[in-house]
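In: Sequence and predicted structure, then a few things I'm wondering about:
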Amino acid sequence: MNSKLISIVVPMYFEEKVVEECYRRLTAVAIENSLNYELIFVNDGSTDKTLELLEEISKKDMHVKVISFSRNFGHQIAVTAGIDKAKGDAAVIIDADLQDPPELIPEMIRLWQQGYDVVYGKRKKREGERFFKLATAKLFYRLFDKLCNIKIPLDTGDFRLIDRKVIEALKKMPEHNRFLRGMSSWIGFKQIPLEYERKERFAGETKYPFKKMLKFALDGIFSFSSKPLKFVEYLGSAIIFFALAMLVYYFISFTSSIEDAVSLRWSLILTVITFIGGIQLLSIGIIGEYVSRIYDESKGRPLYIIDKELNMDKELEKPLYSFNRKIHLDKTISGRLYLISRELNKDKEYGVK
């Protein structure tokens with residue numbers, strides 16, 4: 001299908017239940033479409049058997065490259081590491097849970113070959129997700145669209161194909177609080193959606209509980225908009241006018257009836273102090289979000305620290321698969337996934353050992 005190298009980046013965090021199936025489906029798609037490819041799995045500090053399984057697979061298949069962090073640095077950083085190490089003419093970003101179907105990758109490549117630099121997945125349906133998550137995700141994208149100067153297509157995620165020039169542009173953006181789908185839109189170039197139905201997780205649990213989702217949303221907004229600061233400014237002006245109005249109201253009450261003025265005095269004072277105090281704390285919190293991000297950048301620390309790399313420096317002997325290769329899976333060996341036989345001319349064999 002394509003002689004150019006395609007890098008497939010897969011971040012993993014406690015994904016021992018999906019490692020083998022993820023590898024099997026990605027490999028099947030690559031072979032069936034005769035892709036010249038590399039699979040870059042990024043272990044984001046998992047302490048289960050994720051790394052162990054990846055190590056075993058990488059010993060059998062030279063297409064599989066593994067990056068293992070020294071600790072958990074987060075999903076967006078894991079994707080960034082994979083992009084940094086990608087050698088392909090294009091890279092595909094896909095999560096390990098298989099909610100985004102690997103079978104769409106050939107269609108993404110076809111659109112890329114037509115001249116598009118970014119092909120992003122657009123969810124027209126999301127199966128197996130709770131109403132709260134769907135509602136908050138919908139709210140976030142609409143709010144982001146109102147607050148930010150860049151336009152992020154609604155109902156999209158990180159599942160996308162990006163051209164080499166987009167990869168190089170992302171590598172020039174070293175910010176720590178990363179929002180890759182926003183960064184991809186900010187870069188520009190020629191982009192096109194690919195609609196699909198998002199499936200349920202193959203196995204395991206979501207790695208984005210509400211707390212992480214909230215932080216991710218704030219990273220997106222504060223990284224691409226200064227309107228929250230403008231909100232603080234407008235809110236401060238509104239409070240000044242409110243205080244003046246209350247002063248006038250209190251003066252009128254005092255002149256009309258001293259008894260009424262005394263009874264209102266304490267309630268008004270407590271109400272105004274509480275209101276203004278809450279607004280001040282909110283304003284400080286918003287400003288603090290920006291200051292904390294400035295602080296993160298000022299420290300100059302690396303985005304991630306790599307503990308181990310597997311097959312990263314190994315080159316494939318030949319670029320294309322034969323069309324008649326067949327893969328058989330042997331699941332009797334401790335449940336591990338191995339490639340044990342194939343039909344391939346000897347002069348075309350490479351990569352799988």
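Out: Cool, got the structure. Numbering: from 1, shown residues only.
In: just the helices in the protein please.
Out: 19-32, 50-60, 75-85, 105-113, 131-147, 164-171, 180-187, 210-224, 227-256, 258-298 (DSSP state H).
In: just how off-centre is the fourth one within its chain?
Out: Read it as helix 105-113. Offset of helix 105-113 from its chain centre (C-alpha atoms, centre = their mean, to the nearest Å): 21 Å.
In: Could you export the helices of the chain to JSON lines, including columns for mean pLDDT, distance to Lys124 and mean neighbour count?
Out: No exception for glycine: its C-beta is placed from N, CA and C like everyone else's. Below are the helices of the chain laid out as JSON lines (pLDDT from 0 to 100; distance: least, C-beta to C-beta, whole Å; neighbours: other C-beta atoms under 10 Å):
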{"stretch": "helix 19-32", "mean pLDDT": "90", "distance to Lys124": "21", "mean neighbour count": "20"}
{"stretch": "helix 50-60", "mean pLDDT": "90", "distance to Lys124": "31", "mean neighbour count": "20"}
{"stretch": "helix 75-85", "mean pLDDT": "91", "distance to Lys124": "23", "mean neighbour count": "21"}
{"stretch": "helix 105-113", "mean pLDDT": "92", "distance to Lys124": "15", "mean neighbour count": "18"}
{"stretch": "helix 131-147", "mean pLDDT": "67", "distance to Lys124": "13", "mean neighbour count": "13"}
{"stretch": "helix 164-171", "mean pLDDT": "92", "distance to Lys124": "24", "mean neighbour count": "16"}
{"stretch": "helix 180-187", "mean pLDDT": "83", "distance to Lys124": "17", "mean neighbour count": "20"}
{"stretch": "helix 210-224", "mean pLDDT": "68", "distance to Lys124": "21", "mean neighbour count": "16"}
{"stretch": "helix 227-256", "mean pLDDT": "71", "distance to Lys124": "29", "mean neighbour count": "12"}
{"stretch": "helix 258-298", "mean pLDDT": "73", "distance to Lys124": "33", "mean neighbour count": "12"}
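In: Serialize these to JSON lines and add fields for distance to Ser68.
Out: Converted to JSON lines, those look like this (distance: least, C-beta to C-beta, whole Å):
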{"stretch": "helix 19-32", "distance to Ser68": "13"}
{"stretch": "helix 50-60", "distance to Ser68": "5"}
{"stretch": "helix 75-85", "distance to Ser68": "10"}
{"stretch": "helix 105-113", "distance to Ser68": "24"}
{"stretch": "helix 131-147", "distance to Ser68": "29"}
{"stretch": "helix 164-171", "distance to Ser68": "21"}
{"stretch": "helix 180-187", "distance to Ser68": "21"}
{"stretch": "helix 210-224", "distance to Ser68": "21"}
{"stretch": "helix 227-256", "distance to Ser68": "37"}
{"stretch": "helix 258-298", "distance to Ser68": "24"}
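In: Out of those helices, which is closest to Arg198?
Out: Nearest to Arg198 among the helices of the chain is helix 131-147; the distance by C-beta to C-beta comes to 10.6 Å.
In: Quick one: closest of the helices of the chain to Ser3.
Out: Judged by C-beta to C-beta, the one of the helices of the chain that comes nearest to Ser3 is helix 105-113, at 11.1 Å.
In: Can I get the closest one as CSV, trimmed to CA atoms?
Out: Extracted in CSV, the C-alpha atoms of helix 105-113 (Å, rounded to 0.1, in the frame of the first residue of the first chain):
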residue,chain,number,x,y,z
ILE,A,105,-5.4,3.5,9.8
PRO,A,106,-5.3,2.5,6.0
GLU,A,107,-8.1,5.0,5.3
MET,A,108,-6.1,7.7,7.2
ILE,A,109,-3.0,6.8,5.1
ARG,A,110,-5.1,7.1,1.9
LEU,A,111,-6.2,10.6,2.8
TRP,A,112,-2.7,11.5,3.8
GLN,A,113,-1.5,10.4,0.4
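In: List of residues touching that helix?
Out: Under the contact criterion C-beta atoms under 8 Å, 6 or more residues apart in numbering, helix 105-113 has outside partners 1-2, 6, 8, 29, 33, 35, 90, 92, 94, 119, 160-161, 163, 192, 194.
In: just those residues now: which is nearest Ile273?
Out: Arg160 (50.2 Å).
In: How about the contacts made by that closest one?
Out: Val92, Ile93, Met108, Val118, Val119, Tyr120, Gly121, Arg181, Ser184.
In: Could you export those residues to TSV, including columns for distance to Pro228?
Out: Below are the contacts of Arg160 laid out as TSV (distance: C-beta to C-beta, whole Å):
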residue	distance to Pro228
Val92	34
Ile93	28
Met108	35
Val118	28
Val119	32
Tyr120	26
Gly121	29
Arg181	20
Ser184	22
